[in-house]
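Enquirer: sharing a model that was predicted from the sequence below.
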Amino acid sequence: MHIPRNVYRKRVRKVQNLMQESEIDALLVLSLENYRYFTGDVRKQPRMLIPSEGDPAPIVFESEREEVERKTGLEAKTYRSLPQMLSSVIGFLNELEKDEPVVAVEMEFSTPAFLIERFRMANPHVEVVDAKQIVGPLRKIKDRYEIELMRKAGKLADFAMEVAVDRLKPGITEMELALEVEYSVRKKGAERLSFPMFVNSGERSLWLHGLATDRTIKDGDVVLIDIGPVYGGYCSDIARTFVVGNATEEQKKARKAYLEMQERALTLIDEKKNEITVLEIERENDEFLKGCGYGGLYVRGFVHGIGLGFEETPFPTIFPEDLRETILEGMTLAVGHPVLSIRDVGGFRLEDTCYVGRRVENLTNFDKDLFEVG
């Protein structure tokens, strides 16, 4: 999908306006997500500086210069060694003509801590602040190009879950299932998965996070599957819980409760967008689960933002202050994130990606009634 270059220029101007309001002199981009958001280019270990006024400057290996400038329309600074790259950054900051420039740096989990520390060591006169305050407000509201890419990612997520259900039978290992799903969805058009696929079977369905192991799936297992295909840089996220064979009445009850909790949250978002906060949704969930007899068996974090990052603003599981974020029209959200973990019964989760438009639009639509498989 072609996105016009002026779209990226507008994004740069918007972040520069926020930088000026916050008295930030420059933004140092270290993550692929933000680099792609502001340029449309894809680069391994991208580096770019955006001043509060003027043009951004990608910083790239010398042999990449021609391609980067052609793709971005920006004049790049080049290096052939790490000291040269640091010199480019230092020279750029000196051009700001500020005794103590304020530089925003991404401080989320996609940025290694050593990069930030090295930057501080090389620039002791610089005040380093978190870039979330200026980038988060932009990326959480999606434009029409982003929504279209996420629709395509959502369709890939539905396809991936179809493949998973088709292969989910006693005798297959978690890793074999994950491998077959990833191969199929990438062949279908996904550029990658945004996180290693969860295939949490048996007692591992109780886990908060997941992966795929060499455990062999057996008849009677609860299996929690979570997949996040990426299309054009944009992530989808879908999770479903199944029982291989026949489910017990307690398993049916728990899964039904989770499904109802998700549907209630989606209704609240639809009816009260631009008013309701993430925290208010969490409180509704707490009360609902207590009424079902599942109080204390669920971890908060039901809603999170999704886009170029598989988790982005609002991001309450990492940034508690994001609980105060209001759900706004224009956001894309994953709804149904944490597991309802019931010992001797199983772990249950249904998660979908949605777009908060004038009405909530589900971007993932795999069958929510399917439970017993294999």
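Expert: Everything's here; your move.
Enquirer: where does residue 318 land on pLDDT?
Expert: Per-residue confidence (pLDDT) for residue 318: 87.
Enquirer: next up, the contacts around it.
Expert: Neighbour list for residue 318: 108, 109, 311 [criterion: Cβ atoms under 8 Å, 6 or more residues apart in numbering]. Quick note: C-beta positions are derived from backbone N, CA and C, even for glycine.
Enquirer: got a list of what residue 184 touches?
Expert: 159, 160, 163.
Enquirer: quickly find the element holding it.
Expert: Using DSSP states H and E, residue 184 maps to helix 174-188.
Enquirer: just give the number of residues close to residue 331.
Expert: The number of residues packed near residue 331 is 23, by other Cβ atoms under 10 Å.
Enquirer: for the closest residue to it other than its chain neighbours, give its distance to residue 142.
Expert: Spatial nearest neighbour of residue 331, excluding adjacent residues (Cβ to Cβ, 6 or more residues apart in numbering): residue 356 at 4.7 Å. Residue 356 is 9 Å from residue 142, where distance means Cβ to Cβ, to the nearest Å.
Enquirer: which residue ranges form the helices in the protein?
Expert: Secondary structure of the chain (DSSP state H): helices located at 5-21, 32-39, 65-72, 82-95, 113-122, 132-139, 144-167, 174-188, 249-272, 278-292.
Enquirer: next, the contact list for the most centrally placed residue in the chain, please.
Expert: Most central in the chain under Cα atoms, centre = their mean is residue 310, positioned 1.4 Å from the mean C-alpha point. Listed by Cβ under 8 Å, 6+ apart, the contact partners of residue 310 are 194, 195, 228, 235, 237, 334.
Enquirer: ditto for residue 72
Expert: For residue 72, the residues meeting the contact criterion (Cβ under 8 Å, 6+ apart) are 8, 39, 40, 41, 58.
Enquirer: next one: residue 11
Expert: By Cβ under 8 Å, 6+ apart, the residues touching residue 11 are 37, 38, 138.
Enquirer: which strands or helices does the helix or strand of the chain with the lowest mean pLDDT pack on?
Expert: Using mean pLDDT, DSSP states H and E, helix 113-122 stands out as the lowest-scoring helix or strand of the chain, at a mean of 78. Applying 3 or more Cβ pairs under 8 Å, 6 or more residues apart in numbering; DSSP states H and E, one finds that helix 113-122 contacts helix 82-95, strand 102-105, strand 127-130.
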